[in-house]
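J.: need coordinates for the below:
(one chain, ligands or ions: 1)
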Amino acid sequence: MTNDIAISVQDLKKVYSPNTKSEKLALNNISLNIKKGAIFGLLGPNGAGKSTFINILADLVRKNSGNIKILGYDHQEYLKKVKTFMGIVPQELNIDPFFTPYELLEIQAGLFGIPKNSRRTCEILKLLRLEDKAHAYARTLSGGMRRRLLIAKAMVHDPEILILDEPTAGVDVELRSDLWKNICKLNKQGKTIIITTHYLHEAEELCDEIAIIDKGKLIAIDTTSKIKSFINKKELIILFDDKNFNLKPITDLNAKVEIKANLLKIIYKPEEILYSDILNAVQNSNIKINDIKINETKLEDVFLKLTKN
Ligand code: ADP
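T.: Below is the predicted model of the structure:
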């Protein structure tokens with residue numbers, strides 16, 4: 001294994017309640033590598049096995065079989081050591097309401113055995129813009145601040161890998177983009193980020209690599225752009241004023257053409273047809289263009305196709 005791999009997983013399998021009526025195969029021989037320095041998105045519909053995967057990494061759920069290496073160390077054999085490599089941010093916002101962010105980080109640092117003079121409590125609070133709230137009771141914090149506090153808590157031992165389970169669930173749009181900015185900031189500082197999210201457009205914008213799991217099986221893993229190219233089509237949409245134009249140059253193209261009301265849609269595969277040929281055909285058709293736009297494949301299109309969900 002090369003040393004640019006943060007997490008390597010081989011044939012990971014998890015069965016809940018084995019040999020009972022409610023037996024559930026939650027992870028079905030998952031194998032994947034996550035590169036150091038990546039923002040890696042783990043996507044999948046509800047019940048796909050994402051939390052099980054993260055909970056196994058966090059040592060909250062026991063795997064049935066398979067191997068995991070964190071920064072080259074076996075997860076089982078060196079459990080105590082590999083735990084120091086990872087900071088795990090859980091989905092639930094369970095924070096003790098009677099402690100302040102400062103106290104919570106200090107307690108967490110104590111749990112990791114970090115000596116007082118090596119603690120970075122103030123630095124971390126500042127990084128996640130919680131310094132103003134350092135001494136406020138956690139119960140007075142907003143939802144977005146609590147999320148940031150959970151990230152801060154996961155960072156006290158300065159882990160190389162930060163794992164976030166649905167960090168933006170239930171967070172409003174503004175706070176979500178704010179949280180992503182914070183996560184990107186941590187990535188720029190060199191942290192490997194692993195994230196599960198329902199918000200596919202966010203994963204599309206922020207993740208370098210994506211794995212899609214469905215019913216416990218890995219169905220795709222690649223760079224975000226390669227995953228999107230699974231459905232390699234673009235749509236050129238023209239809003240026109242009047243129907244007095246010659247459609248033939250456009251229908252002669254190697255593309256699908258649809259007209260609905262005042263919209264003309266040309267659906268094409270970029271590897272089969274040049275954009276300039278389409279523009280020439282549009283010009284030759286003498287269509288009076290009111291507006292024009294191009295739709296590219298979205299991660300959501302691929303996700304829906306692959307998970308048929
Ligand atoms: P996701 O996080 O992608 O929504 P989960 O990992 O939570 O998926 O769940 C994967 C599957 O395992 C689901 O079918 C879920 O019902 C089942 N499952 C999860 N946790 C347990 C458990 N503690 N006991 C039994 N089944 C479970």
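J.: how about the strands in the protein?
T.: 5-16, 24-35, 39-43, 65-70, 73-74, 86-89, 161-165, 192-196, 209-214, 217-223, 234-240, 256-260, 263-268, 289-295 (DSSP state E).
J.: which one of those lies closest to residue 130?
T.: Set against residue 130 and scored by Cβ to Cβ, the strands of the chain come closest in strand 86-89, at 14.2 Å. Bear in mind the C-beta positions are built from the backbone N, C-alpha and C, glycine included.
J.: given that closest one, what are its sheet partners and their directions?
T.: Strand 86-89 has the following sheet partners, assigned by DSSP bridges: strand 161-165 (parallel).
J.: now the strand it pairs with and strand 39-43, what's the angle there?
T.: When axes from the mean of the first three to the mean of the last three Cα atoms, to 10 degrees is applied, the directions of strand 161-165 and strand 39-43 differ by 30 degrees.
J.: quick check: mean pLDDT across strand 161-165?
T.: Averaged across strand 161-165, the pLDDT comes to 94.
J.: on that earlier part again, just put the strands of the chain in JSON lines and tack on distance to residue 104.
T.: Written out in JSON lines, the entries for the strands of the chain read as follows (distance: least, Cβ to Cβ, whole Å):
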{"stretch": "strand 5-16", "distance to residue 104": "27"}
{"stretch": "strand 24-35", "distance to residue 104": "28"}
{"stretch": "strand 39-43", "distance to residue 104": "26"}
{"stretch": "strand 65-70", "distance to residue 104": "25"}
{"stretch": "strand 73-74", "distance to residue 104": "28"}
{"stretch": "strand 86-89", "distance to residue 104": "13"}
{"stretch": "strand 161-165", "distance to residue 104": "17"}
{"stretch": "strand 192-196", "distance to residue 104": "22"}
{"stretch": "strand 209-214", "distance to residue 104": "32"}
{"stretch": "strand 217-223", "distance to residue 104": "35"}
{"stretch": "strand 234-240", "distance to residue 104": "49"}
{"stretch": "strand 256-260", "distance to residue 104": "56"}
{"stretch": "strand 263-268", "distance to residue 104": "53"}
{"stretch": "strand 289-295", "distance to residue 104": "46"}
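J.: tell me, what's the model's pLDDT at residue 309?
T.: 56.
J.: hang on, the earlier thing: any chance of the strands of the chain in JSON lines, with distance to residue 56 and mean neighbour count too?
T.: Shown next, in JSON lines, are these (distance: least, Cβ to Cβ, whole Å; neighbours: other Cβ atoms under 10 Å):
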{"stretch": "strand 5-16", "distance to residue 56": "7", "mean neighbour count": "19"}
{"stretch": "strand 24-35", "distance to residue 56": "8", "mean neighbour count": "18"}
{"stretch": "strand 39-43", "distance to residue 56": "12", "mean neighbour count": "25"}
{"stretch": "strand 65-70", "distance to residue 56": "7", "mean neighbour count": "18"}
{"stretch": "strand 73-74", "distance to residue 56": "14", "mean neighbour count": "14"}
{"stretch": "strand 86-89", "distance to residue 56": "11", "mean neighbour count": "23"}
{"stretch": "strand 161-165", "distance to residue 56": "11", "mean neighbour count": "23"}
{"stretch": "strand 192-196", "distance to residue 56": "13", "mean neighbour count": "24"}
{"stretch": "strand 209-214", "distance to residue 56": "13", "mean neighbour count": "23"}
{"stretch": "strand 217-223", "distance to residue 56": "14", "mean neighbour count": "16"}
{"stretch": "strand 234-240", "distance to residue 56": "39", "mean neighbour count": "17"}
{"stretch": "strand 256-260", "distance to residue 56": "45", "mean neighbour count": "12"}
{"stretch": "strand 263-268", "distance to residue 56": "42", "mean neighbour count": "18"}
{"stretch": "strand 289-295", "distance to residue 56": "38", "mean neighbour count": "12"}
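J.: what's the closest of those to residue 132?
T.: When the strands of the chain are compared (using Cβ to Cβ), the closest one is strand 86-89, at 21.2 Å.
J.: what's the closest one in contact with?
T.: 54, 57-58, 70, 150-151, 153-157, 159-165, 167 (Cβ atoms under 8 Å, 6 or more residues apart in numbering).
J.: likewise for stretch 112-123?
T.: Taking contacts as Cβ under 8 Å, 6+ apart, the residues outside stretch 112-123 that touch it are 84, 102, 105, 106, 109, 131, 134, 156, 157, 158.
J.: next, count neighbours for the last one.
T.: Residue 158 has 15 neighbours, counted by other Cβ atoms under 10 Å.
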